[in-house]
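# Provided below are the primary sequence and the corresponding predicted coordinates.
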Amino acid sequence: QVQFVESGGGLVQPGGSLRLSCGASGFTFGIFVMGWYRLTPGKQRELVASITSGGSPNYADSVKGRFTISRDNAKKMVYLQMNSLKPEDTAAYYCNAPRASGSVYFGDYWGQGTQVTVSA
């Protein structure tokens, strides 16, 4: 059974930092590109960062230079270091494995997500 468990969210002031973690299980983690997504009410889920099996990252323009994605294949973990947070980063954050088409490999197995709220 595929499972994602996200953690690390919270309430932070603008300019602050958070580190999100995602534990994955039930599939061959090391061969998949992994990604962090965020969902805001009324908007579509947005891919903010992805990382290849070899560790090459890619970022949405909105987070480039502020967020850093990393992974530990041995632990089946993916991380998102979020710095210089802005109110517009407020969202629920999820991890999954993105397809090149824009969908995800495990669309039936989204985790519970972790809420990030950036507010003074």
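Received it, and whenever you're ready, just let me know what you need.
# residues in contact with residue 91?
38-40, 46, 115-116 (C-beta atoms under 8 Å, 6 or more residues apart in numbering). Every C-beta, even on glycine, is put in place using the N, C-alpha and C of the backbone.
# before we move on, what about residue 24?
By C-beta under 8 Å, 6+ apart, the neighbours of residue 24 are 2-5, 34, 76-78, 95.
# try 7 Å
4, 76 (C-beta atoms under 7 Å, 6 or more residues apart in numbering).
# make residue 1 into 55 and carry on from there
Will do, 55 is the new start, and the previous item becomes residue 78.
# just want the most central residue of this structure.
residue 90 (2.1 Å; C-alpha atoms, centre = their mean).
# among the contacts of residue 145, who's most crowded?
For the contacts of residue 145, counting by other C-beta atoms under 10 Å, the largest number of neighbours falls to residue 92: 23 neighbours.
# which strand or helix spans it?
Residue 92 belongs to strand 88-93 when elements are defined using DSSP states H and E.
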